[in-house]
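Q: For reference, the sequence and a predicted model appear below.
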Amino acid sequence: MIIPKRSYWFFLWLPALLATLALMATGAAAQVTQLKFDPQTYASLADANSPDTIPVGTKITQQNWQQYRRFMPVGLQAIYESKRHWKIGPEQDYTIEVGPSTPIPMPKKFSSDTEKYAGQATLKRIDTGDYTIDNYQAGLPFPNPKEPQLGYKVAYNNWYYWRPFVYTYLSTLYRVDQNLNVYKSTGGVNNWRVAHLSDGDMPVQMSYAGPYFLLIRNPQFTPEQNRYTTSLQMLYSDPAHVQDSYIFLPSLRRSLRLSTASRCAPITGSDWIYDDNGGGMYFQVPYFDVKVLGKKKILALVHEKQCTRPDKKDCFTIAGSNPWWPKPELGPWEVIDTYVLDITPLSALGHYCYAHKIAYIATTNAWILVWWEAYDQNGNFWKLDKASYRPAPIGNGEETTVNGIVDASVVDVQDSHASVSLNSDVRVDSEVDPELQNGKLWGYPGGLDRVMR
(Lines give C-alpha, C1' and ligand atoms only; values in the text may rest on other atoms or scores of the structure.)
Protein backbone atom coordinates (compact mmCIF):
# COMPACT_ATOMS: atom_id res chain seq x y z
CA MET A 1 0.00 0.00 0.00
CA ILE A 2 1.29 3.45 -0.92
CA ILE A 3 0.83 6.07 1.84
CA PRO A 4 0.27 9.63 0.56
CA LYS A 5 2.95 12.08 1.67
CA ARG A 6 0.59 14.00 3.95
CA SER A 7 -0.49 10.79 5.67
CA TYR A 8 3.16 9.73 5.91
CA TRP A 9 4.04 12.87 7.85
CA PHE A 10 1.00 12.32 10.02
CA PHE A 11 2.30 8.90 11.04
CA LEU A 12 5.69 10.42 11.80
CA TRP A 13 4.41 12.96 14.33
CA LEU A 14 1.53 10.85 15.72
CA PRO A 15 3.73 9.13 18.37
CA ALA A 16 4.98 12.52 19.56
CA LEU A 17 1.40 13.78 19.76
CA LEU A 18 0.29 10.76 21.75
CA ALA A 19 3.24 11.13 24.11
CA THR A 20 2.39 14.80 24.65
CA LEU A 21 -1.24 13.98 25.36
CA ALA A 22 -0.13 11.28 27.80
CA LEU A 23 2.08 13.77 29.61
CA MET A 24 -0.79 16.26 29.74
CA ALA A 25 -3.10 13.62 31.19
CA THR A 26 -0.45 12.59 33.72
CA GLY A 27 0.06 16.21 34.66
CA ALA A 28 -3.68 16.73 35.11
CA ALA A 29 -3.94 13.65 37.30
CA ALA A 30 -0.98 14.79 39.35
CA GLN A 31 -2.61 18.18 39.74
CA VAL A 32 -5.79 16.62 41.09
CA THR A 33 -4.03 14.30 43.54
CA GLN A 34 -1.05 16.41 44.55
CA LEU A 35 -2.34 17.04 48.08
CA LYS A 36 -1.07 14.14 50.17
CA PHE A 37 -1.99 13.49 53.78
CA ASP A 38 0.62 15.08 56.06
CA PRO A 39 0.12 15.64 59.82
CA GLN A 40 2.39 18.68 59.63
CA THR A 41 -0.15 20.43 57.42
CA TYR A 42 -2.64 20.21 60.29
CA ALA A 43 -0.05 21.36 62.82
CA SER A 44 0.11 24.68 60.94
CA LEU A 45 -3.57 25.47 61.66
CA ALA A 46 -4.29 28.12 64.32
CA ASP A 47 -4.07 26.66 67.83
CA ALA A 48 -7.13 27.03 70.03
CA ASN A 49 -5.03 28.40 72.90
CA SER A 50 -3.45 31.14 70.77
CA PRO A 51 -4.74 34.75 70.80
CA ASP A 52 -5.00 34.68 67.00
CA THR A 53 -8.44 35.05 65.47
CA ILE A 54 -10.30 36.74 62.61
CA PRO A 55 -11.83 40.13 63.49
CA VAL A 56 -15.62 40.33 63.43
CA GLY A 57 -16.77 41.95 60.20
CA THR A 58 -13.92 40.55 58.09
CA LYS A 59 -14.95 39.55 54.58
CA ILE A 60 -12.96 36.68 53.09
CA THR A 61 -12.81 36.39 49.32
CA GLN A 62 -10.85 34.53 46.69
CA GLN A 63 -8.48 37.51 46.60
CA ASN A 64 -7.54 37.65 50.32
CA TRP A 65 -8.16 34.12 51.61
CA GLN A 66 -4.44 33.40 52.05
CA GLN A 67 -4.39 35.73 55.05
CA TYR A 68 -6.88 33.47 56.84
CA ARG A 69 -5.89 29.99 55.65
CA ARG A 70 -4.73 28.98 59.16
CA PHE A 71 -8.40 29.05 60.18
CA MET A 72 -9.57 26.86 57.30
CA PRO A 73 -9.75 23.06 57.03
CA VAL A 74 -6.93 21.72 54.88
CA GLY A 75 -9.41 20.51 52.26
CA LEU A 76 -10.99 23.94 52.02
CA GLN A 77 -7.55 25.47 51.47
CA ALA A 78 -7.13 23.06 48.54
CA ILE A 79 -10.44 24.27 47.06
CA TYR A 80 -9.37 27.90 47.43
CA GLU A 81 -6.10 27.19 45.61
CA SER A 82 -8.15 26.73 42.40
CA LYS A 83 -6.00 23.88 41.11
CA ARG A 84 -8.90 21.45 40.87
CA HIS A 85 -12.19 21.29 39.02
CA TRP A 86 -14.13 22.60 42.03
CA LYS A 87 -12.91 26.01 43.17
CA ILE A 88 -13.93 29.17 44.99
CA GLY A 89 -14.83 31.85 42.45
CA PRO A 90 -14.40 35.64 42.62
CA GLU A 91 -18.15 36.25 42.68
CA GLN A 92 -19.87 37.94 45.63
CA ASP A 93 -21.72 34.69 46.39
CA TYR A 94 -18.45 33.13 47.61
CA THR A 95 -17.75 35.81 50.22
CA ILE A 96 -17.41 34.67 53.85
CA GLU A 97 -18.40 37.30 56.40
CA VAL A 98 -17.06 36.60 59.90
CA GLY A 99 -19.34 37.23 62.89
CA PRO A 100 -18.93 36.84 66.65
CA SER A 101 -18.43 33.34 68.05
CA THR A 102 -21.50 32.26 70.02
CA PRO A 103 -21.33 29.03 72.04
CA ILE A 104 -24.31 26.68 71.87
CA PRO A 105 -25.28 25.48 75.37
CA MET A 106 -26.26 21.93 76.19
CA PRO A 107 -30.01 21.36 76.70
CA LYS A 108 -30.90 21.56 80.41
CA LYS A 109 -31.98 17.92 80.71
CA PHE A 110 -28.85 16.76 78.88
CA SER A 111 -26.69 18.96 81.10
CA SER A 112 -28.40 17.54 84.20
CA ASP A 113 -27.79 13.96 83.05
CA THR A 114 -24.16 14.81 82.24
CA GLU A 115 -23.71 15.86 85.86
CA LYS A 116 -25.75 12.92 87.19
CA TYR A 117 -23.72 10.25 85.38
CA ALA A 118 -20.34 12.03 85.39
CA GLY A 119 -17.38 9.68 85.60
CA GLN A 120 -19.36 6.49 84.93
CA ALA A 121 -18.58 6.09 81.25
CA THR A 122 -15.20 4.53 80.52
CA LEU A 123 -13.28 3.22 77.54
CA LYS A 124 -12.79 -0.53 77.22
CA ARG A 125 -10.22 -2.16 74.99
CA ILE A 126 -11.63 -4.99 72.88
CA ASP A 127 -10.34 -7.65 70.51
CA THR A 128 -9.97 -5.21 67.63
CA GLY A 129 -7.11 -3.62 69.56
CA ASP A 130 -8.93 -0.35 70.12
CA TYR A 131 -11.65 1.10 72.31
CA THR A 132 -15.38 0.92 72.76
CA ILE A 133 -17.40 2.81 75.37
CA ASP A 134 -18.54 1.05 78.54
CA ASN A 135 -21.14 1.87 81.20
CA TYR A 136 -22.53 4.90 79.38
CA GLN A 137 -25.98 5.94 80.59
CA ALA A 138 -26.98 9.40 79.33
CA GLY A 139 -25.70 12.94 78.97
CA LEU A 140 -22.24 13.73 77.62
CA PRO A 141 -20.04 10.68 78.24
CA PHE A 142 -16.75 12.60 78.64
CA PRO A 143 -17.51 16.20 79.68
CA ASN A 144 -13.84 17.13 80.13
CA PRO A 145 -11.97 14.76 77.83
CA LYS A 146 -8.25 14.31 78.45
CA GLU A 147 -5.51 11.89 77.53
CA PRO A 148 -5.11 8.95 77.43
CA GLN A 149 -7.20 7.98 74.39
CA LEU A 150 -8.39 11.57 73.95
CA GLY A 151 -9.38 10.94 70.33
CA TYR A 152 -11.85 8.21 71.27
CA LYS A 153 -13.40 10.34 74.02
CA VAL A 154 -13.96 13.19 71.57
CA ALA A 155 -15.41 10.81 68.98
CA TYR A 156 -17.86 9.33 71.48
CA ASN A 157 -18.89 12.80 72.65
CA ASN A 158 -19.96 13.42 69.07
CA TRP A 159 -21.61 10.00 68.77
CA TYR A 160 -23.76 10.46 71.86
CA TYR A 161 -24.40 14.19 71.88
CA TRP A 162 -27.99 15.31 72.38
CA ARG A 163 -30.73 14.18 70.04
CA PRO A 164 -34.45 14.34 70.72
CA PHE A 165 -36.53 11.20 70.87
CA VAL A 166 -37.86 11.87 67.36
CA TYR A 167 -37.29 14.39 64.60
CA THR A 168 -38.25 14.53 60.93
CA TYR A 169 -37.55 16.76 57.96
CA LEU A 170 -37.72 16.87 54.18
CA SER A 171 -34.34 16.38 52.52
CA THR A 172 -33.71 17.63 49.00
CA LEU A 173 -30.64 16.07 47.40
CA TYR A 174 -28.81 17.68 44.48
CA ARG A 175 -26.17 15.62 42.70
CA VAL A 176 -23.89 17.65 40.45
CA ASP A 177 -21.50 16.36 37.79
CA GLN A 178 -18.42 18.07 36.36
CA ASN A 179 -20.52 19.70 33.61
CA LEU A 180 -22.82 21.24 36.24
CA ASN A 181 -25.72 18.99 35.33
CA VAL A 182 -27.93 18.84 38.41
CA TYR A 183 -30.00 15.79 39.38
CA LYS A 184 -32.63 16.42 42.04
CA SER A 185 -34.40 13.99 44.34
CA THR A 186 -36.39 14.36 47.54
CA GLY A 187 -36.94 12.16 50.53
CA GLY A 188 -37.78 12.11 54.20
CA VAL A 189 -35.47 11.84 57.20
CA ASN A 190 -37.00 10.20 60.29
CA ASN A 191 -34.83 9.61 63.37
CA TRP A 192 -35.68 7.97 66.69
CA ARG A 193 -33.23 7.91 69.58
CA VAL A 194 -34.45 4.99 71.65
CA ALA A 195 -31.65 4.67 74.22
CA HIS A 196 -29.42 6.98 76.28
CA LEU A 197 -32.17 9.59 76.11
CA SER A 198 -32.14 12.97 77.85
CA ASP A 199 -35.39 14.39 76.53
CA GLY A 200 -38.10 15.81 78.79
CA ASP A 201 -39.90 13.14 80.79
CA MET A 202 -38.87 10.35 78.41
CA PRO A 203 -37.21 7.30 79.99
CA VAL A 204 -33.46 6.85 79.46
CA GLN A 205 -34.30 3.81 77.31
CA MET A 206 -37.52 2.98 75.50
CA SER A 207 -39.02 -0.38 76.44
CA TYR A 208 -38.73 -1.64 72.86
CA ALA A 209 -35.17 -0.40 72.20
CA GLY A 210 -33.51 -3.79 72.62
CA PRO A 211 -29.81 -3.47 71.70
CA TYR A 212 -30.39 -0.35 69.58
CA PHE A 213 -29.51 3.28 70.19
CA LEU A 214 -30.61 5.14 67.06
CA LEU A 215 -32.99 4.31 64.20
CA ILE A 216 -32.67 6.22 60.89
CA ARG A 217 -35.40 5.82 58.28
CA ASN A 218 -35.24 7.46 54.83
CA PRO A 219 -38.25 7.15 52.47
CA GLN A 220 -37.79 8.43 48.90
CA PHE A 221 -40.45 10.72 47.34
CA THR A 222 -39.01 11.77 43.97
CA PRO A 223 -38.18 10.99 41.21
CA GLU A 224 -41.26 8.89 40.61
CA GLN A 225 -39.33 5.72 39.73
CA ASN A 226 -37.79 5.78 43.24
CA ARG A 227 -40.97 6.64 45.10
CA TYR A 228 -41.58 4.54 48.24
CA THR A 229 -38.07 3.05 48.23
CA THR A 230 -37.12 3.28 51.91
CA SER A 231 -33.89 2.54 53.73
CA LEU A 232 -33.44 1.85 57.43
CA GLN A 233 -30.23 2.07 59.45
CA MET A 234 -30.26 0.64 62.98
CA LEU A 235 -27.33 1.65 65.18
CA TYR A 236 -26.48 -0.46 68.22
CA SER A 237 -25.74 0.96 71.65
CA ASP A 238 -22.48 -0.97 71.34
CA PRO A 239 -20.40 0.99 68.78
CA ALA A 240 -18.38 -2.13 67.99
CA HIS A 241 -21.47 -3.81 66.53
CA VAL A 242 -21.94 -3.17 62.82
CA GLN A 243 -25.20 -1.38 62.05
CA ASP A 244 -28.18 -3.26 60.63
CA SER A 245 -29.30 -2.07 57.19
CA TYR A 246 -32.59 -2.74 55.44
CA ILE A 247 -34.25 -1.47 52.28
CA PHE A 248 -37.87 -1.69 51.20
CA LEU A 249 -38.27 -2.16 47.43
CA PRO A 250 -41.79 -1.29 46.23
CA SER A 251 -41.31 -3.35 43.06
CA LEU A 252 -40.97 -6.46 45.22
CA ARG A 253 -43.41 -5.33 47.92
CA ARG A 254 -40.96 -6.49 50.56
CA SER A 255 -37.91 -5.52 52.56
CA LEU A 256 -34.40 -6.87 52.12
CA ARG A 257 -31.60 -6.97 54.64
CA LEU A 258 -28.43 -5.47 53.19
CA SER A 259 -24.91 -6.73 53.68
CA THR A 260 -23.28 -5.49 56.88
CA ALA A 261 -20.02 -5.24 54.92
CA SER A 262 -21.29 -2.46 52.63
CA ARG A 263 -19.99 0.43 54.73
CA CYS A 264 -18.29 2.00 51.70
CA ALA A 265 -21.33 1.74 49.41
CA PRO A 266 -22.82 5.06 48.19
CA ILE A 267 -26.02 6.26 49.86
CA THR A 268 -28.80 6.63 47.25
CA GLY A 269 -26.30 7.29 44.48
CA SER A 270 -24.71 10.26 46.27
CA ASP A 271 -21.08 10.98 47.11
CA TRP A 272 -21.67 9.94 50.74
CA ILE A 273 -21.13 6.38 51.86
CA TYR A 274 -22.85 4.52 54.71
CA ASP A 275 -19.91 5.28 57.01
CA ASP A 276 -20.77 8.98 56.56
CA ASN A 277 -24.15 8.62 58.30
CA GLY A 278 -24.81 10.81 61.32
CA GLY A 279 -22.91 13.71 59.78
CA GLY A 280 -19.87 11.56 59.09
CA MET A 281 -19.09 9.75 62.34
CA TYR A 282 -21.42 6.75 62.48
CA PHE A 283 -18.82 4.16 61.57
CA GLN A 284 -17.65 1.38 63.89
CA VAL A 285 -15.31 3.49 66.02
CA PRO A 286 -13.56 0.51 67.72
CA TYR A 287 -12.37 -0.66 64.28
CA PHE A 288 -10.49 2.59 63.69
CA ASP A 289 -7.48 4.25 65.20
CA VAL A 290 -8.50 7.73 66.40
CA LYS A 291 -5.75 10.26 67.09
CA VAL A 292 -5.91 13.97 67.90
CA LEU A 293 -3.98 16.17 65.47
CA GLY A 294 -4.60 19.22 67.63
CA LYS A 295 -7.19 21.57 69.04
CA LYS A 296 -7.63 24.32 66.47
CA LYS A 297 -9.61 27.45 65.62
CA ILE A 298 -11.67 26.76 62.51
CA LEU A 299 -14.21 28.72 60.47
CA ALA A 300 -17.66 27.14 60.44
CA LEU A 301 -21.31 28.02 59.82
CA VAL A 302 -23.11 26.95 63.01
CA HIS A 303 -25.86 29.59 63.24
CA GLU A 304 -27.21 29.38 59.72
CA LYS A 305 -29.94 31.93 59.03
CA GLN A 306 -33.32 31.05 57.59
CA CYS A 307 -33.27 31.11 53.78
CA THR A 308 -35.70 33.82 52.66
CA ARG A 309 -35.92 32.78 49.01
CA PRO A 310 -38.83 30.71 47.61
CA ASP A 311 -36.55 27.74 46.95
CA LYS A 312 -33.85 27.00 49.52
CA LYS A 313 -31.46 25.86 46.81
CA ASP A 314 -31.26 29.49 45.67
CA CYS A 315 -29.38 30.20 48.90
CA PHE A 316 -26.57 27.88 47.75
CA THR A 317 -24.36 27.93 44.65
CA ILE A 318 -25.68 24.59 43.40
CA ALA A 319 -24.63 25.14 39.77
CA GLY A 320 -21.48 27.19 40.34
CA SER A 321 -17.74 26.61 40.36
CA ASN A 322 -18.16 25.23 43.89
CA PRO A 323 -21.67 23.73 43.98
CA TRP A 324 -22.06 23.37 47.72
CA TRP A 325 -21.35 26.88 48.95
CA PRO A 326 -23.83 28.79 51.18
CA LYS A 327 -24.41 32.33 49.95
CA PRO A 328 -23.55 35.25 52.28
CA GLU A 329 -27.16 35.77 53.39
CA LEU A 330 -26.95 32.47 55.33
CA GLY A 331 -23.99 33.72 57.41
CA PRO A 332 -22.15 35.00 59.26
CA TRP A 333 -19.52 32.35 59.83
CA GLU A 334 -17.74 31.92 63.17
CA VAL A 335 -14.27 30.99 64.40
CA ILE A 336 -14.84 28.08 66.78
CA ASP A 337 -12.63 25.70 68.74
CA THR A 338 -12.48 22.21 67.27
CA TYR A 339 -10.65 18.98 67.92
CA VAL A 340 -9.06 17.71 64.72
CA LEU A 341 -9.16 13.91 64.62
CA ASP A 342 -7.22 11.59 62.31
CA ILE A 343 -9.34 8.45 61.86
CA THR A 344 -7.66 5.49 60.16
CA PRO A 345 -9.12 2.00 59.58
CA LEU A 346 -7.49 -0.92 61.36
CA SER A 347 -6.12 -3.89 59.43
CA ALA A 348 -9.15 -5.95 60.47
CA LEU A 349 -11.21 -3.96 57.94
CA GLY A 350 -8.94 -4.98 55.08
CA HIS A 351 -8.30 -2.67 52.12
CA TYR A 352 -10.68 0.10 53.12
CA CYS A 353 -12.07 2.82 50.86
CA TYR A 354 -10.17 5.57 52.63
CA ALA A 355 -6.86 5.71 54.48
CA HIS A 356 -7.65 8.79 56.58
CA LYS A 357 -10.80 10.64 57.55
CA ILE A 358 -10.09 13.97 59.23
CA ALA A 359 -12.92 15.16 61.48
CA TYR A 360 -13.30 18.69 62.86
CA ILE A 361 -15.48 18.43 65.99
CA ALA A 362 -16.64 21.57 67.80
CA THR A 363 -16.07 21.76 71.55
CA THR A 364 -18.27 24.68 72.68
CA ASN A 365 -20.85 24.21 69.92
CA ALA A 366 -22.70 21.02 70.80
CA TRP A 367 -19.85 18.63 69.89
CA ILE A 368 -21.04 18.67 66.29
CA LEU A 369 -18.94 17.67 63.30
CA VAL A 370 -18.51 20.81 61.17
CA TRP A 371 -16.10 19.54 58.50
CA TRP A 372 -14.49 16.30 57.44
CA GLU A 373 -11.98 15.34 54.77
CA ALA A 374 -11.16 11.95 53.32
CA TYR A 375 -7.93 10.72 51.75
CA ASP A 376 -8.01 7.70 49.45
CA GLN A 377 -6.14 4.44 49.91
CA ASN A 378 -2.96 6.06 48.55
CA GLY A 379 -3.18 9.02 50.89
CA ASN A 380 -4.38 11.47 48.21
CA PHE A 381 -6.99 14.12 48.99
CA TRP A 382 -10.36 12.75 47.90
CA LYS A 383 -13.40 14.40 49.50
CA LEU A 384 -14.37 17.45 51.53
CA ASP A 385 -17.63 17.63 53.49
CA LYS A 386 -19.09 20.81 55.01
CA ALA A 387 -21.97 20.84 57.48
CA SER A 388 -23.90 24.02 58.27
CA TYR A 389 -26.34 24.07 61.19
CA ARG A 390 -29.30 26.16 62.26
CA PRO A 391 -30.26 25.65 65.93
CA ALA A 392 -33.76 24.22 66.28
CA PRO A 393 -36.36 24.89 69.02
CA ILE A 394 -36.68 21.85 71.29
CA GLY A 395 -39.42 22.99 73.70
CA ASN A 396 -39.41 24.82 77.04
CA GLY A 397 -38.02 27.87 75.29
CA GLU A 398 -34.73 26.11 74.51
CA GLU A 399 -33.02 25.66 71.20
CA THR A 400 -29.89 23.80 70.29
CA THR A 401 -27.98 22.35 67.37
CA VAL A 402 -29.05 18.79 66.66
CA ASN A 403 -26.58 16.31 65.22
CA GLY A 404 -28.27 15.18 62.01
CA ILE A 405 -30.39 18.27 61.30
CA VAL A 406 -27.94 19.82 58.90
CA ASP A 407 -27.44 21.26 55.44
CA ALA A 408 -24.62 19.03 54.26
CA SER A 409 -22.44 19.14 51.16
CA VAL A 410 -19.65 16.92 49.90
CA VAL A 411 -17.32 17.37 46.92
CA ASP A 412 -15.31 14.60 45.30
CA VAL A 413 -12.23 16.38 43.96
CA GLN A 414 -10.91 13.35 42.09
CA ASP A 415 -14.02 12.48 40.06
CA SER A 416 -15.43 16.04 40.05
CA HIS A 417 -18.77 15.09 41.60
CA ALA A 418 -20.69 16.89 44.33
CA SER A 419 -23.75 16.20 46.46
CA VAL A 420 -25.77 18.77 48.39
CA SER A 421 -28.48 17.84 50.91
CA LEU A 422 -30.75 20.65 52.13
CA ASN A 423 -33.34 20.29 54.89
CA SER A 424 -36.74 21.91 55.30
CA ASP A 425 -39.91 21.42 57.35
CA VAL A 426 -37.90 20.41 60.43
CA ARG A 427 -40.04 19.01 63.27
CA VAL A 428 -38.92 17.89 66.71
CA ASP A 429 -40.75 15.70 69.26
CA SER A 430 -44.30 17.06 69.79
CA GLU A 431 -44.22 18.82 66.39
CA VAL A 432 -43.79 15.46 64.63
CA ASP A 433 -46.93 13.86 63.17
CA PRO A 434 -48.48 11.70 65.94
CA GLU A 435 -48.27 8.56 63.82
CA LEU A 436 -44.50 8.95 63.31
CA GLN A 437 -43.97 9.29 67.05
CA ASN A 438 -44.54 5.53 67.23
CA GLY A 439 -40.88 4.54 66.92
CA LYS A 440 -41.71 0.92 67.76
CA LEU A 441 -43.67 0.67 64.52
CA TRP A 442 -41.94 3.02 62.06
CA GLY A 443 -38.35 2.57 63.21
CA TYR A 444 -38.11 -1.21 62.73
CA PRO A 445 -38.09 -3.42 59.61
CA GLY A 446 -41.68 -4.59 60.13
CA GLY A 447 -42.94 -1.07 59.48
CA LEU A 448 -41.05 -0.38 56.28
CA ASP A 449 -43.87 -1.38 53.94
CA ARG A 450 -46.23 1.09 55.60
CA VAL A 451 -44.69 3.81 53.41
CA MET A 452 -47.03 2.67 50.59
CA ARG A 453 -50.20 3.28 52.56
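A: It's in. Since the structure is predicted, the reported quantities are computational estimates derived from the model, not experimental observations.
Q: From what I see, Arg193 and Arg163 are in contact.
A: Yes: counting by Cβ atoms under 8 Å, Arg193 does reach Arg163; the two are 4.5 Å apart. The way it works is simple: take the backbone N, C-alpha and C, and place the C-beta from them, glycine included.
Q: Overlap in contacts, the two.
A: Here Arg193 and Arg163 have Leu214 as joint contacts, going by Cβ atoms under 8 Å, 6 or more residues apart in numbering.
Q: Lys296: what's its closest spatial neighbour, skipping adjacent residues?
A: Excluding its sequence neighbours, the residue lying closest to Lys296 (Cβ to Cβ, 6 or more residues apart in numbering) is Leu45, at 4.3 Å.
Q: Quick check: phi and psi at the one you found.
A: phi -70, psi 160 (degrees, to the nearest 10).
Q: need the contact list for it.
A: Arg70, Phe71, Val74, Gly294, Lys296, Lys297, Ile298, Val340.
Q: Turn the residues you listed into JSON lines, including secondary structure.
A: Output for the contacts of Leu45, formatted as JSON lines (DSSP: H, G, I helix; E, B strand; the rest coil):
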{"residue": "Arg70", "secondary structure": "helix"}
{"residue": "Phe71", "secondary structure": "helix"}
{"residue": "Val74", "secondary structure": "helix"}
{"residue": "Gly294", "secondary structure": "strand"}
{"residue": "Lys296", "secondary structure": "strand"}
{"residue": "Lys297", "secondary structure": "strand"}
{"residue": "Ile298", "secondary structure": "strand"}
{"residue": "Val340", "secondary structure": "strand"}
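Q: Check those residues and tell me the two furthest apart.
A: Val74 and Lys297 (14.0 Å; Cβ to Cβ).
Q: Settle it for me: which of these two has more neighbours?
A: Val74 (23 against 20; other Cβ atoms under 10 Å).
Q: Show me which of the contacts of Leu45 is closest to Ala319.
A: Among the contacts of Leu45, and counting by Cβ to Cβ, the member closest to Ala319 is Val74, at 26.2 Å.
Q: Can you tell me how far that closest one is from Pro393?
A: 35 Å (Cβ to Cβ, to the nearest Å).
Q: Repeat that for Lys440.
A: Taking Cβ to Cβ, one finds Lys440 at 26 Å from Pro393.
Q: what does Lys87 give?
A: Relative to Pro393, and taking Cβ to Cβ, Lys87 is found at 37 Å.
Q: the more surrounded of the two?
A: Lys87 (17 against 13).
Q: For the more buried one, list the residues it contacts.
A: Lys87 touches Ile79, Tyr80, Glu81, Ser321, Asn322, counting by Cβ under 8 Å, 6+ apart.
Q: One more pass at 10 Å, please.
A: Gln62, Ala78, Ile79, Tyr80, Glu81, Tyr94, Gly320, Ser321, Asn322, Val413 (Cβ atoms under 10 Å, 6 or more residues apart in numbering).
Q: can you check Tyr131 too?
A: Tyr131 neighbours (Cβ under 10 Å, 6+ apart): 122-125, 148-149, 151-153, 155-156, 239-240, 285-286, 289-290.
Q: Restricted to strands, list the residues you listed.
A: Judged by DSSP state E, strands contain the following of the contacts of Tyr131: Thr122, Leu123, Lys124, Arg125, Asp289, Val290.
Q: The second one contacts Glu147, doesn't it?
A: No: when contacts are counted by Cβ atoms under 10 Å, Leu123 is not listed as touching Glu147 (11.6 Å).
Q: Looking at these two, which one has more neighbours?
A: Leu123 (18 against 8).
Q: contacting residues around the more buried one?
A: 130-134, 141-142, 148-149, 152-153, 156, 286.
Q: For it, which non-adjacent residue is closest in space?
A: Tyr131 (4.3 Å).
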